[in-house]
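Student: Sequence plus predicted model, see below.
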Amino acid sequence: MSPAQSRTVIVLALILLAAALVPPLSVADLPLVDYPDHLARMHVLADLDRDPVLARYYTIVWSLLPNLAMDLAVPPLMTLVDVYTAGRIFVVVTLIATVGGVFAVNKALTGRHNPFQLLVFPLLYNYAFLQGLTNYLAGIAVALWGIAWWIRLREGSPWRRALVSALFAVTVFFCHMSAAGLYGLALLSIEIARLIRDRRLAVGDAAAFGGPFLLWLPPMAISPTGGLLGDTVSDMGDKLEGLQWLFTGYNDSWDAIFAGSVGLAVVIAILGRAVRASLEGWVLLALGSAVFIAMPNVLFGSWGADVRLPVGLAFLLIPFFRLEARRPQLFAGAIAALALARFAGMEASWLDLAAEIKDFRHAMERIEPGGRILVAEADKWTGTFTTNKPLSHMACLAMIHRSAFVADAFTQPGKQILAVLPPYLPQSNVQDDDQPNMTEMVKALEHPDGSSGLYWAEWWKRFDYIVVLYTAGPLDPPPPHLAPLYDGRRFQLYKVI
């Protein structure tokens with residue numbers, strides 16, 4: 001690529017980045033699935049000492065968890081802005097850092113910017129992002145910048161390289177364990193490629209590579225996350241879902257068209273011999289594919305350990321590929337058009353979901369301060385799976401606005417620093433069990449022993465409010481012990497009587 005073409009790529013990238021930021025900057029509430037739960041935790045971190053009502057239910061147990069990106073970054077921002085603005089800043093910075101990291105790695109590798117790196121844009125709104133895996137994606141962004149610096153410093157002093165890598169290794173580790181693993185995998189791929197080319201291994205280089213990762217051992221040894229190692233489940237049936245996460249949005253038909261179009265553009269470029277990969281890219285693709293296939297579905301008690309990998313791996317792989325076409329503007333134009341279409345689709349979906357979230361906020365105003373909330377599901381869902389999921393943790397907004405107890409707040413030991421105080425542990429979903437449906441709740445009334453041991457057992461005694469999700473309208477008649485309080489868009493709020 002000529003310097004002029006490189007500059008053109010950057011200009012186009014800046015335009016696409018501006019377009020990519022329209023959805024998160026244009027809605028009052030980001031409809032990311034786990035996001036309301038994360039925001040609630042940020043609120044507790046910042047305000048628990050000043051909120052005696054909330055302090056009845058929750059406490060903060062600081063631990064060396066490899067899952068602390070938001071917990072460390074967002075509360076300091078809340079000294080300047082509200083929790084919603086602070087969370088939005090975190091998400092926007094993550095998007096910007098991801099794009100910048102992809103271009104930084106390629107620039108460090110080739111000295112120029114290449115149109116192939118524009119592929120990061122249509123993949124920005126992947127399902128890991130929509131799922132609200134904010135810490136993981138922040139970790140991937142940090143990892144990209146760490147890889148860029150590793151390449152830039154590769155020909156210099158190994159000890160300087162080790163020091164810089166150590167800073168990134170520690171930062172990525174505390175962002176998210178999966179991102180840390182991919183960071184290590186990327187550096188390993190670079191070093192294997194170099195070993196293949198040079199056919200020699202310098203002791204200093206080996207120490208510079210491996211030394212920083214030894215810093216993970218002490219925190220992992222004392223972290224409660226380490227105690228979850230035995231909580232592992234392998235399921236090969238979910239591997240295809242991981243690939244789908246690259247393109248999954250809110251409409252299956254449009255997602256299929258979008259995935260096919262992106263794939264077609266890349267395949268045409270490959271078949272036309274216009275795409276080249278560095279040796280580092282091929283090694284990373286081979287190692288990453290092997291790790292993805294071998295990765296359990298549940299690792300350290302966290303679901304989706306394997307299905308989230310393709311998203312992070314794709315961002316790490318893109319910089320190691322380059323376009324060498326006579327007319328690169330054709331590929332660049334096609335990718336830009338697909339990215340803009342993706343952003344427009346997200347904007348339309350988010351505006352519709354924002355109206356539902358606003359409705360949820362109004363419903364939360366009906367809850368008395370300190371109310372105890374159980375979230376349940378309708379027996380028959382309205383809406384689709386992907387449009388319903390953003391509602392699944394919305395009740396956590398009551399923790400922010402009403403100092404409420406929410407049974408489904410993320411308080412799993414070893415995964416989060418938010419903890420439930422002992423008197424309320426029996427009614428907290430610390431095992432991350434499925435939410436009950438209305439049939440199960442009615443059966444629990446008729447046969448209390450049938451739900452014994454479940455966090456929602458004796459719900460008519462333990463909770464003050466029930467939020468029923470994915471409804472087509474009020475339950476008619478309402479189950480015993482429930483009085484209608486708010487008829488929302490695809491949810492109902494009931495008071496326990």
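Tutor: Ah, there it is. Numbers count the residues shown, from 1 in each chain.
Student: mind listing the helices for the stretch 151-300 of the chain?
Tutor: 158-175, 177-198, 203-210, 217-222, 239-244, 252-271, 279-294 (DSSP state H, counting those that start in this stretch).
Student: so which of these comes closest to Leu397?
Tutor: Checking the helices of the stretch 151-300 of the chain against Leu397 by Cβ to Cβ gives helix 158-175 as the closest, at 24.9 Å. C-beta here means a position set from N, CA and C on the backbone, and glycine is covered the same way.
Student: where do the strands sit along the stretch 251-400 of the chain?
Tutor: Here the stretch 251-400 of the chain has its strands, by DSSP state E, counting those that start in this stretch, at 275-277, 298-299, 302-303, 321-323, 372-377.
Student: per-domain residue ranges of the chain.
Tutor: 3-30+62-348, 365-496 (automatic domain parsing).
Student: start to end distance for the last one?
Tutor: Read that as domain 365-496. 16 Å (Cα to Cα, to the nearest Å).
Student: Please apply the same query to stretch 201-214.
Tutor: By Cα to Cα, the extent of stretch 201-214 from end to end equals 20 Å.
Student: Mind listing what's buried along that stretch?
Tutor: By neighbour count on 16 or more other Cβ atoms under 10 Å, the buried set for stretch 201-214 is Asp205, Ala208, Phe209, Gly211, Pro212, Phe213.
Student: Turn those into CSV, including distance to Ala4.
Tutor: Below are the buried residues of stretch 201-214 laid out as CSV (distance: Cβ to Cβ, whole Å):
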residue, distance to Ala4
Asp205, 36
Ala208, 37
Phe209, 37
Gly211, 42
Pro212, 38
Phe213, 41
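Student: ok, of those, which one's closest to Asp434?
Tutor: So of these, ranked by how close each gets to Asp434 (Cβ to Cβ), first place is Phe213, at 36.8 Å.
Student: show me what contacts the closest one?
Tutor: Ala169, Gly184 (Cβ atoms under 8 Å, 6 or more residues apart in numbering).
Student: What score does it have for pLDDT?
Tutor: On the pLDDT scale, Phe213 is placed at 96.
Student: what's the closest non-adjacent residue to the residue nearest the centre of the chain?
Tutor: Nearest to the geometric centre of the chain sits Leu133, at 1.3 Å (Cα atoms, centre = their mean). Closest residue in space to Leu133, ignoring its immediate chain neighbours: Arg308 at 6.2 Å, by Cβ to Cβ, 6 or more residues apart in numbering.
Student: Per-residue pLDDT of the one you found, please?
Tutor: pLDDT recorded at Arg308 is 95.
Student: Over to the residue nearest to the centre of the chain: give its phi and psi.
Tutor: With angles defined as degrees, to the nearest 10, Leu133 sits at phi -80, psi 70.
Student: quick one: it and Asp34 touch, right?
Tutor: Yes: applying Cβ atoms under 8 Å, one finds Leu133 in contact with Asp34, separated by 6.9 Å.
Student: Contacts only, for Leu421.
Tutor: Residues counted as contacts of Leu421 (Cβ under 8 Å, 6+ apart) are Arg56, Tyr57, Tyr58, Thr59.
Student: Which helix or strand lies directly C-terminal to the strand or helix carrying the last one?
Tutor: This means Thr59. Assigning secondary structure by DSSP states H and E places Thr59 in strand 58-60. Sequence order places helix 69-77 as the next helix or strand after strand 58-60, per DSSP H and E.
Student: can you give me the angle that following helix makes with helix 158-175?
Tutor: Angle between the axes of helix 69-77 and helix 158-175 is 90 degrees (criterion: axes from the mean of the first three to the mean of the last three Cα atoms, to 10 degrees).
Student: where does the chain dip in pLDDT?
Tutor: Applying pLDDT under 70 to the chain flags residues 1, 230, 236-237.
Student: one step back: buried residues in the strand holding Thr59, which are they?
Tutor: For strand 58-60, by 16+ other Cβ under 10 Å, it's Tyr58.
Student: if I look at the residue nearest to the centre of the chain, how far off is Asp37?
Tutor: Relative to Asp37, Leu133 is positioned 12 Å away (criterion: Cβ to Cβ, to the nearest Å).
Student: who's in contact with Thr225?
Tutor: Going by Cβ under 8 Å, 6+ apart, Thr225 touches Ser63, Leu65, Pro66, Asn67, Met177, Phe300, Gly414, Lys415.
Student: Which residues outside stretch 198-211 are in contact with it?
Tutor: Pro158, Trp159, Arg161, Ala162, Ser165, Ala166, Leu187, Leu188, Glu191, Arg194, Leu195.
Student: mind redoing it with 10 Å?
Tutor: Residues outside stretch 198-211 that contact it (Cβ atoms under 10 Å, 6 or more residues apart in numbering) are 150, 153-154, 157-166, 169, 184, 187-188, 190-191, 194-195.
Student: Which members of those are classed as buried?
Tutor: Those of these that meet the buried threshold are 150, 153-154, 158, 161-162, 164-166, 169, 184, 187-188, 190-191, 194, by 16+ other Cβ under 10 Å.
Student: ok, now which ones touch the residue nearest to the centre of the chain?
Tutor: 32-35, 38, 126-127, 139-140, 176, 178-179, 245, 304, 308, 311-312.
Student: ok, now Phe463?
Tutor: Contacts for Phe463 (Cβ under 10 Å, 6+ apart) come out as 371-376, 405-407, 427, 456, 481, 494-496.
Student: quick one: the longest helix seen in the chain to helix 252-271, angle?
Tutor: Longest helix in the chain, counting residues (DSSP state H): helix 328-364. Relative orientation of helix 328-364 versus helix 252-271 (the same axes, to 10 degrees): 160 degrees.
Student: Pull out the buried positions in helix 328-364.
Tutor: For helix 328-364, by 16+ other Cβ under 10 Å, it's 328, 330-332, 334-336, 338-340, 342-343, 345-347, 349-350, 353-354, 356-357, 359-360, 363-364.
Student: again, but for stretch 248-263
Tutor: Burial within stretch 248-263, assessed by neighbour count using 16+ other Cβ under 10 Å, is assigned to Thr248, Gly249, Tyr250, Asn251, Asp255, Phe258, Ala259, Ser261, Val262.
Student: repeat for stretch 447-455
Tutor: Using 16+ other Cβ under 10 Å as the test for burial, stretch 447-455 gives Ser451, Leu454, Tyr455.
Student: Start and end of that stretch, how far apart?
Tutor: Start and end residues of stretch 447-455 are separated by 16 Å (Cα to Cα).
Student: And for stretch 47-56?
Tutor: The first-to-last residue distance of stretch 47-56 comes to 13 Å (Cα to Cα).
Student: Same check on stretch 127-134?
Tutor: Chord length of stretch 127-134, first to last residue, is 11 Å (Cα to Cα).
Student: for the closest residue to Asp235 other than its chain neighbours, phi and psi?
Tutor: Ranked by Cβ to Cβ, 6+ apart and with sequence neighbours excluded, the top spatial neighbour of Asp235 is Asn297, at 4.1 Å. In terms of degrees, to the nearest 10, the main-chain angles of Asn297 are phi -70, psi -30.
Student: How about the one 4 residues further on?
Tutor: In terms of degrees, to the nearest 10, the main-chain angles of Gly301 are phi 80, psi 0.
Student: residue contacts, it?
Tutor: For Gly301, the contact set (Cβ under 10 Å, 6+ apart) comprises 225, 227-233, 412-415, 431-432.
Student: Buried only: go through the residues you listed for me.
Tutor: By 16+ other Cβ under 10 Å, the contacts of Gly301 give Thr225, Leu228, Gln412, Pro413, Gly414, Lys415 as buried.
Student: Narrow those to those in strands?
Tutor: Assignment to strands by DSSP state E places none of the buried ones among the contacts of Gly301 there.
Student: Can you tell me which of those residues comes closest to Asp49?
Tutor: Pro413 (22.1 Å).
Student: hmm, back to that, OK, contacts around the residue nearest to Asp235?
Tutor: If you count contacts by Cβ under 10 Å, 6+ apart, Asn297 has them with 232-239, 241-242, 303-307.
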